[in-house]
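Asker: Mind looking at a prediction? Sequence and model below.
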Amino acid sequence: QEQLVESGGGLVQPGGSLRLSCAASIRTFSTFSSYAMGWFRQGTGKARDFVAAISTGGGSTYYTDSVKGRFRIFRDNAENTVYLQMNSLASEDTAVYYCASGRDARQLQMGVVLSWGQGTQVTVSS
């Protein structure tokens, strides 16, 4: 049974926007607010790379350099959901995007992940 479920991926033109959502199972994440959350992505034939992370309360966020100023991670602890708002999308953003949970946002940034979602495809193309 999946614990993290992503949605919101799709096909978008360069310069467009998408918002990804990741809903955490209430049964598994009854204390969602105690988990740091993050997003990773994996392009075809490439390694899975860190994109963004957010602390348990949402007060601290971290981004890989290539998305700074374009992407924003935020969370709604009442809804057990984390989001990734992606603006000014470019072809190099094309990848499968994975939601991840962790004990600490800094650890997520280093790739220390407790659980993964199944991934959602984002394709940026004209």
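Answerer: Perfect, thanks for sending it.

Asker: Disregarding residues adjacent in the polypeptide, which is nearest to residue 73?
Answerer: Nearest-residue entry for residue 73: residue 52, 4.1 Å, with adjacent residues in sequence omitted and distances by Cβ to Cβ, 6 or more residues apart in numbering. For glycine as for every other residue, the C-beta is placed from the backbone atoms N, C-alpha and C.

Asker: Identify the residue spatially nearest to residue 8, adjacent ones excluded.
Answerer: That would be residue 20: by Cβ to Cβ, 6+ apart, it lies 4.2 Å from residue 8.

Asker: My read is that the one you found contacts residue 121, right?
Answerer: No - the criterion here is Cβ atoms under 8 Å, and residue 20 misses it with residue 121 at 10.6 Å.

Asker: which residues do the two both contact?
Answerer: Common neighbours of residue 20 and residue 121, using Cβ atoms under 8 Å, 6 or more residues apart in numbering, are 9, 97.

Asker: and stretch 50-61, which residues are buried?
Answerer: Within stretch 50-61, the residues scored as buried using 16 or more other Cβ atoms under 10 Å are 50, 51, 52, 53, 54, 55, 56, 58, 61.

Asker: do the same with stretch 62-79
Answerer: By neighbour count on 16+ other Cβ under 10 Å, the buried set for stretch 62-79 is 62, 63, 64, 67, 71, 72, 73, 75, 77.

Asker: got the contact list for stretch 37-44?
Answerer: The set of residues external to stretch 37-44 that reach it, using Cβ under 8 Å, 6+ apart, is 20, 22, 48-54, 73, 75, 82, 84, 93-102, 105, 108-109, 113, 119, 122.

Asker: Quick check on those: which are buried?
Answerer: Using 16+ other Cβ under 10 Å as the burial test, the contacts of stretch 37-44 include 20, 22, 48, 50-54, 73, 75, 82, 84, 93-102, 105, 108-109, 113, 119, 122 as buried.
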